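[1] Structure for the following, please:
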Amino acid sequence: MPVINRIAEFHPEMTAWRRDLHQHPEIGFEEMRTSGVIAARLREFGCDEVVTGIARTGVVGVIRGRDGGGRAIGLRADIDALPIQEETGLPYASVHPGRMHACGHDGHTAMLLGAAKYLAETRNFAGTVYVIFQPAEENLAGGRVMVEEGLFERFPMERVFGMHNWPGAPEGTFWWREGPIMAAVANLEVTVTGTGAHGAMPHQGNDPVVIAAHIVTALQSIVARNVEPVEAGVITIGHIQGGETWNVIPESVLLRGTARWFRPEVGDLLERKFLEIATGIPRAFGARAEARFVRCYPATINDAESTQLTLPAARAVAGEARVQPMPKPTMGGEDFSFMLEAKPGSYIMLGGGRGEGDPQVHHPKYDFNDAILPIGASYWATLVEQLLPRDDR
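    Predicted coordinates:
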């Protein structure tokens, strides 16, 4: 696997960066230490500019090639952690209870830092590279905030590229896909209000627990009986809260969940039917409900031309046989979608699987596979050198 030799030399350094970040996770828009470490590294590497404070804790490094010119591309990594209690037992496990890098953003950051170090050192390209370290990918739409704060106006670029580790794919492989690769996301919330009563005397109240149970069951009919079977959609209720003890019917019950889709028409249908069911069933029981369908992230849709531009770089690093079309899109969400709505680009998956039973992302025992750090950094560097070639090469 032809990892760039110079990048292979600082594999131990990248591993140390990654594990330091893993040990000190910070959740969205609170990544003060993380962004400080990133900015310090970029200055140490000799980046031409290091801009901080974009979307509060975001950082952009500017690296200009040996040859001038107006061409430029952007490379993006996410930097935030998740509100999960780590259970890995690793020597570099999180020192912050209830927070961990359970999605590999520590690895994404280390790989882009490794590429930045190499690119700032070699400058073997023409034009400009912007290395974008984005905060708050998990649920808080830091990508949207960066775009709204003028990311692409302040750092004009032709295209923007992203990458995510994928523990479900073999170590060191690349998965690519034109068009939709990750789903649109909405948060769902329903508060059902009935009448509390003694659990032994339900006739004296109007039980919101029973009503909520009917809502949960009915919501599963939306995709099964309203969405065309060849389309993709998901509605999941993941949180139910109501009552305090065994024998008391509570006054209210709270439901929370998520919806996912790719085509806008499907998203509109899910929203309409969700609101009808979530408010109509309580009404039929003589209760009331407040329901919210909050759209968070649009679908992540890869530009076909940009995706094809990524493949030679991936093949140069991993070999043609290890660069494969992604078998199907994932219903996971990603706020890189906001950047792809504003600028042509593509999002690729880098396999990090160690073997069967390896914990997947968002699991309390997940840990990024450090073996792929030089692979990801080499992909970034090769992509830059291929897309911004020097005239004398």
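[2] ok, residue 18 - contacts?
    Counting by Cβ atoms under 8 Å, 6 or more residues apart in numbering, residue 18 makes contact with 106-107, 109-110, 368, 370, 373. (Glycine included, C-beta is placed from N, CA and C.)
[3] buried ones in stretch 343-355?
    Across stretch 343-355, burial judged by 16 or more other Cβ atoms under 10 Å covers 343-353.
[4] hmm, I was thinking of stretch 176-187
    Buried residues in stretch 176-187, counted by 16+ other Cβ under 10 Å: 176-178, 180-186.
[5] what would the contacts of residue 18 look like in CSV with pLDDT, distance to residue 303 and neighbour count?
    Output for these, formatted as CSV (pLDDT from 0 to 100; distance: Cβ to Cβ, whole Å; neighbours: other Cβ atoms under 10 Å):
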residue, pLDDT, distance to residue 303, neighbour count
106, 98, 28, 30
107, 98, 25, 29
109, 98, 24, 28
110, 98, 27, 29
368, 98, 27, 26
370, 98, 31, 18
373, 98, 27, 28
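[6] Redo those residues as a markdown table? Include distance to residue 327 and secondary structure.
    What follows is those, written out as a markdown table (distance: Cβ to Cβ, whole Å; DSSP: H, G, I helix; E, B strand; the rest coil):
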| residue | distance to residue 327 | secondary structure |
| --- | --- | --- |
| 106 | 27 | helix |
| 107 | 23 | helix |
| 109 | 28 | helix |
| 110 | 27 | helix |
| 368 | 22 | coil |
| 370 | 26 | helix |
| 373 | 25 | helix |
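[7] out of these, who's nearest residue 162?
    Among the contacts of residue 18, residue 109 lies closest to residue 162 (Cβ to Cβ), at 12.7 Å.
[8] isn't the closest one right up against residue 41?
    No: counting by Cβ atoms under 8 Å, residue 109 does not reach residue 41; the two are 9.5 Å apart.
[9] Overlap of the contact sets of these two?
    With contacts defined as Cβ under 8 Å, 6+ apart, the residues shared by residue 109 and residue 41 are residue 17.
[10] can you pull out the helices in the stretch 201-350 of the chain?
    Remark: helices assigned in the stretch 201-350 of the chain by DSSP state H, counting those that start in this stretch are 208-226, 264-284, 304-318, 336-342.
[11] Now do the buried residues in the longest one.
    By that I understand helix 264-284. 266-267, 269-271, 273-275, 277-279, 281-282.
[12] so what does that helix touch, helix or strand wise?
    Contacts defined by 3 or more Cβ pairs under 8 Å, 6 or more residues apart in numbering; DSSP states H and E place helix 264-284 against strand 184-193, helix 208-226, strand 233-241, strand 252-261, strand 288-297.
[13] Which one, of those, ends up nearest to residue 5?
    strand 288-297 (38.3 Å).
[14] my guess is residue 99 meets residue 27, correct?
    Yes: with contact defined as Cβ under 8 Å, residue 99 counts as touching residue 27 (6.0 Å).
[15] which residues do these two both contact?
    81-83.
[16] Just the buried ones out of these, please.
    81-82.
[17] State the phi and psi torsions of the residue nearest to the spatial centre of the chain.
    The centre of the chain sits closest to residue 334, judged by Cα atoms, centre = their mean, with a distance of 3.9 Å. Dihedral pair for residue 334: phi -160, psi 130, per degrees, to the nearest 10.
[18] Would you confirm that it contacts residue 300?
    Yes: with contact defined as Cβ under 8 Å, residue 334 reaches residue 300; the gap is 4.7 Å.
[19] list the residues that contact both of those two?
    182, 347.
[20] Could you list the domains of this structure?
    The record's domain parsing of the chain by automatic domain parsing lists 5-181+300-387, 184-297.
[21] looking at those domains, which is buried most?
    Comparing these by mean neighbour count (mean count of other Cβ atoms under 10 Å), domain 5-181+300-387 comes out on top with a mean of 20.
[22] ok, residue 200 - contacts?
    Residue 200 makes contact with residue 247 under the criterion Cβ under 8 Å, 6+ apart.
[23] at 10 Å what do you get?
    With contact taken as Cβ atoms under 10 Å, 6 or more residues apart in numbering, residue 200 is in contact with 247-249.
[24] Can you check which of the helices and strands packed on helix 264-284 gets nearest to residue 54?
    Smallest distance to residue 54 across the helices and strands packed on helix 264-284 (Cβ to Cβ): 19.0 Å, for strand 288-297.
[25] Adjacent strands (with direction) for the closest one?
    Paired strands of strand 288-297, with direction, are strand 184-193 (antiparallel) (DSSP bridges).
[26] if you skip the residues just before and after it, what's nearest to residue 345?
    Distance criterion Cβ to Cβ, 6 or more residues apart in numbering; nearest residue to residue 345, sequence neighbours excluded, is residue 160 at 4.0 Å.
[27] ok, the one you found touching residue 342?
    Yes: in this structure, residue 160 is within contact of residue 342 by Cβ atoms under 10 Å, at 8.3 Å.
[28] list residues touching both of those two?
    151-152.
[29] Output the lowest mean pLDDT helix or strand found in the chain.
    strand 67-78 (a mean of 92; mean pLDDT, DSSP states H and E).
[30] That one pairs with which strands?
    Strand pairing for strand 67-78, determined by DSSP bridges: strand 126-134 (parallel), strand 159-170 (parallel).
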